[in-house]
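[1] with the sequence up front, the predicted model follows.
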2 protein chains.
Amino acid sequence: MSYRDTVGAGSPSSLPALRRRHFVLGAAAGTASAAAAWHASSHAAAPPGAVEHPVPADPSKEQGIALPDEGYGSRSQFESEVRTRYKTSTPQSSWTFTPLQNGMGIITPSGLHFERSHAGTAIVDPNKHFLYLHGMVARPRKWSMRDLRRFPSVSRIMFIECSGNGLTEWAKPNLKTVQETHGLTSTSEWTGVPLATLLKEAGVRPGAKWILAEGADGAAMTRSIPFDKAMKDCLIAYGQNGEALRPEQGYPVRLIVPGYEGNTHIKWLRRLEVSDTPFMTREETSKYTDLLPNGKARQFSFEMEAKSVITSPSGAMVLQDKGFHEITGLAWSGRGRIKRVDVSVDGGKSWREAALQGPILPICHTRFRIPWEWDGKEAILQSRCVDETGYVQPTLGQLIAVRGGALNGPTGSIYHLNAIQSWRVASDGSVSNVHQY
Amino acid sequence: MSYRDTVGAGSPSSLPALRRRHFVLGAAAGTASAAAAWHASSHAAAPPGAVEHPVPADPSKEQGIALPDEGYGSRSQFESEVRTRYKTSTPQSSWTFTPLQNGMGIITPSGLHFERSHAGTAIVDPNKHFLYLHGMVARPRKWSMRDLRRFPSVSRIMFIECSGNGLTEWAKPNLKTVQETHGLTSTSEWTGVPLATLLKEAGVRPGAKWILAEGADGAAMTRSIPFDKAMKDCLIAYGQNGEALRPEQGYPVRLIVPGYEGNTHIKWLRRLEVSDTPFMTREETSKYTDLLPNGKARQFSFEMEAKSVITSPSGAMVLQDKGFHEITGLAWSGRGRIKRVDVSVDGGKSWREAALQGPILPICHTRFRIPWEWDGKEAILQSRCVDETGYVQPTLGQLIAVRGGALNGPTGSIYHLNAIQSWRVASDGSVSNVHQY
């Protein structure tokens, strides 16, 4: 933990005025709902997954709600943040975005983990589900969930990011909030069996180079994974944040491919096939390649490069007044640990190093924070991260120079947009999504 | 992460037989329900917080469930683990226990975090709630939740344990499962404002030695906290596992006193008063002291000493056959990091060092695992942890020698039972709670 970053900002000299200041997400403080007024939530609808209780005038004057004989808790009736769906043509092949603007720390609540499915959420009975392993192996295998639970297990806190995170943003700033621009990344503690353990049991034949992973969903989602990666750190995961996987995360079992694009983390996993060549499935030929300016396509662009974003203040928030504001956000890299995050409030002219909240884990969201005294003038907020390989998060201009204008032109990448995000703070305190190259 | 500990056990020689073996919680495999058959859950009732969907014969032959336009996810309809309540005379002053036997990794799902309340769960409107700070300060303060959210924040993954965890177990093994014997400890990622920041703003007067923390619940729960501890690492927490606190955890704001007994982590926090003496509240005089054999009481026994428990196999589970089983559990210390966990399968005659799953964080659950080949004979499973101060978890005999027999005699501790737990595996595979001194 780093308390150091708060002590400076926490000195009596700078803090008393804080009491009058806050963010509101929405047009203005006056028009914001009571529910929205005290935290950055734009959502005032009845909170999903919450139990409604009468609200006493003074709770200390009466007995509270009885503890249940048996129970599974839900959140407060005053909490209303939700995943929101991108308006795709069908609600089965679609995305829902994590509300990063309200995020705290690094763990994503399982109920708010982003979703990306090609044929909706498959409902799979764990008592009838089997995982098959065949192909270039000495002993083809079939395991029930019970069998998989019997193997030695491991747990890792890791992010998963969809390679399409931000794909609408190449040409111009189309979306308003950080939930929309960056909400296809989430972090959970995943528990399961190392894929290497299963491969050892099946006895892999010489010459094995690739593994096909296939889902039990309506899309029969399939991707080819390099054999070396499978042996290195892939997980057959049945646990998420201390309980079973959530249905939309592939219940009862999914593949975890640490640091690779989200679509390789096959959900509702039912089949693994070992081969000496990639399988060239639909998802790695017609989709999930990166068409470059010269007309050639990058194929198997698996690793998610280092990326960061300021989650607060962020798009559609309104700063109510000048003075102290904490700037906070997330940084992550598919190649290892985050080494450093710098923050600019002048559109990249000058940078200050942010404090990184421990634990700083490989292939995991890392929370950064830095104090900021807003002078009431227009400001452009940016974050730029560096991972342990030395890779520096690029500007949008640098990325487009290499990968093309994407939606802006005939060719160019659609996926893997990891450029520096710019938030414009206007003199009236309103924050908006802008492009800076 | 440590994949090393799994590779050995994962060798082809030892693993094939695994496919036929599993745990069942309950009388025997044959009688266990299908839902219970594939994981260690004794509970077959309709799962709380789950949405019921029709189950297709082959999910890959049809479209799955549409992604919602807006949503907050719930767990699978096949998952049914719950917190269970200790049958106290009133359901308001009671406990519910975390199902540790099903736990994975170190994070406790917020819906399964243990509860301990003295007057039920207070329902507090965050828009009308204030935190007061007064007493020996230059500038008494009153903050709304909005104000508190404006201060610089920190996040820490930490356990909270009730000092009454296991209090029925001093004299004889009264309870059956690890949920009942050890389920009053849970781990979350907590986010909030350092108490030191608030104290600095209020300007503490010379001579301050203690701080009273008071809750807004029906018990007006109050405890005195040493001033040095408050300045060192206490948190005014509004975040739990990436979202707002859950109601039963003190929504909208609670005190976190890292490593201290759970009852000091005042929930629904409404008042802080700085003083030069402890306040000698009911909860620290008539309760939460440790009566020793000589008739004197230990007062202010704040720190939770190092403790560990094997969560699987554990009480009421049934091993279906001989051969490989993974022994796993949790270790934690209120004084810092866990340094080492040893496991015995012969009642403490011999010990082997278990693998610790990273990240190993101070004042946090640490997951340990070790492979075990069961020979089908009676075995006594024990875990013994050592923390970074060098403190070694005591045997029950060692602890009683110092603190008395408690419920067994006229005097002796009721709280702070951190002795080594023994699980007896009978030759028929049934696991039961036994005492060994």
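    Great, that's in hand.

[2] using PDB, list the CA coordinates for stretch A:182-197.
    C-alpha atoms of stretch A:182-197 as PDB (Å, rounded to 0.1, in the frame of the first residue of the first chain):
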ATOM      1  CA  HIS A 182     -12.600   1.600 -22.000                       C
ATOM      2  CA  GLY A 183     -15.200  -0.600 -20.200                       C
ATOM      3  CA  LEU A 184     -14.300  -3.800 -21.900                       C
ATOM      4  CA  THR A 185     -11.500  -4.600 -19.400                       C
ATOM      5  CA  SER A 186     -12.100  -6.100 -15.900                       C
ATOM      6  CA  THR A 187     -10.000  -7.800 -13.200                       C
ATOM      7  CA  SER A 188     -10.900 -10.900 -11.200                       C
ATOM      8  CA  GLU A 189      -9.100 -13.400  -9.100                       C
ATOM      9  CA  TRP A 190      -9.300 -16.500 -11.300                       C
ATOM     10  CA  THR A 191      -8.900 -20.100  -9.900                       C
ATOM     11  CA  GLY A 192      -8.500 -23.300 -11.800                       C
ATOM     12  CA  VAL A 193      -6.200 -26.000 -13.100                       C
ATOM     13  CA  PRO A 194      -3.000 -25.100 -15.100                       C
ATOM     14  CA  LEU A 195      -3.600 -26.300 -18.700                       C
ATOM     15  CA  ALA A 196      -0.100 -27.700 -18.500                       C
ATOM     16  CA  THR A 197      -1.300 -30.200 -15.900                       C
END
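
[3] immediately after the helix or strand where A:Val386 lies, which helix or strand?
    Taking DSSP states H and E as the definition, one finds A:Val386 inside strand A:379-387. Toward the C-terminus, strand A:379-387 is succeeded by helix A:396-403 as the next helix or strand (DSSP H and E).

[4] if you count neighbours, what's buried in that next one?
    For helix A:396-403, the neighbour count (16 or more other C-beta atoms under 10 Å in any protein chain shown) marks A:Leu396, A:Leu399, A:Ile400, A:Arg403 as buried. In this view, the C-beta of every residue, glycine as well, is placed from N, C-alpha and C.

[5] export those to a markdown table and append columns for pLDDT.
    Below are the buried residues of helix A:396-403 laid out as a markdown table (pLDDT from 0 to 100):
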| residue | pLDDT |
| --- | --- |
| A:Leu396 | 94 |
| A:Leu399 | 93 |
| A:Ile400 | 90 |
| A:Arg403 | 88 |
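
[6] from those residues, pick the one nearest A:Phe78.
    Taking C-beta to C-beta as the measure, A:Leu396 is the one of the buried residues of helix A:396-403 closest to A:Phe78, at 38.1 Å.

[7] dump the residue contacts of the nearest residue in space to the closest one that is not next to it in sequence.
    Excluding the flanking residues, the one nearest A:Leu396 by C-beta to C-beta, 6 or more residues apart in numbering or on different chains is A:Ala419, at 4.1 Å. The neighbourhood of A:Ala419, defined by C-beta atoms under 8 Å, 6 or more residues apart in numbering or on different chains, consists of A:Gln393, A:Pro394, A:Thr395, A:Leu396, A:Gln398, A:Leu399.

[8] wait, A:Arg83 sits on B:Tyr72?
    Yes - counting by C-beta atoms under 8 Å, B:Tyr72 is a contact partner of A:Arg83 at 7.0 Å.

[9] now for the two: what residues contact both?
    What both A:Arg83 and B:Tyr72 touch, as defined by C-beta under 8 Å, 6+ apart, is the set A:Leu112.

[10] of these two, who's got more company?
    A:Arg83 (26 against 22; other C-beta atoms under 10 Å in any protein chain shown).

[11] which residues touch the more buried one?
    A:96-99, A:112-115, A:183, B:68, B:70-73 are the contacts of A:Arg83 under C-beta under 8 Å, 6+ apart.

[12] which parts of the stretch 251-400 of chain A sit against chain B?
    Where the stretch 251-400 of chain A comes near chain B, counting by C-beta under 8 Å from any C-beta of the partner chain, the residues are A:251-252, A:268, A:270, A:324-326, A:328, A:357, A:359, A:361, A:367, A:369, A:371.

[13] need the max-distance pair from these.
    Top of the distance list for these (C-beta to C-beta): A:Arg270 and A:Phe324, 52.9 Å.

[14] so A:His325 makes contact with A:Arg369?
    No - between A:His325 and A:Arg369 there is no contact under C-beta under 8 Å: 11.0 Å.

[15] which helix or strand in chain A has the lowest average pLDDT?
    helix A:4-9 (a mean of 27; mean pLDDT, DSSP states H and E).

[16] which residue would you name as the spatial centre of chain A?
    Relative to the mean C-alpha position of chain A, the nearest C-alpha, by C-alpha atoms, centre = their mean, is the one of A:Thr185, at 1.3 Å.

[17] excluding its backbone neighbours, what's nearest that one?
    A:Glu161 (3.8 Å).

[18] what is the rounded mean pLDDT of whichever helix or strand A:Gly329 is part of?
    Assigned by DSSP H and E, A:Gly329 falls within strand A:323-332. In this model, strand A:323-332 has an average pLDDT of 98.
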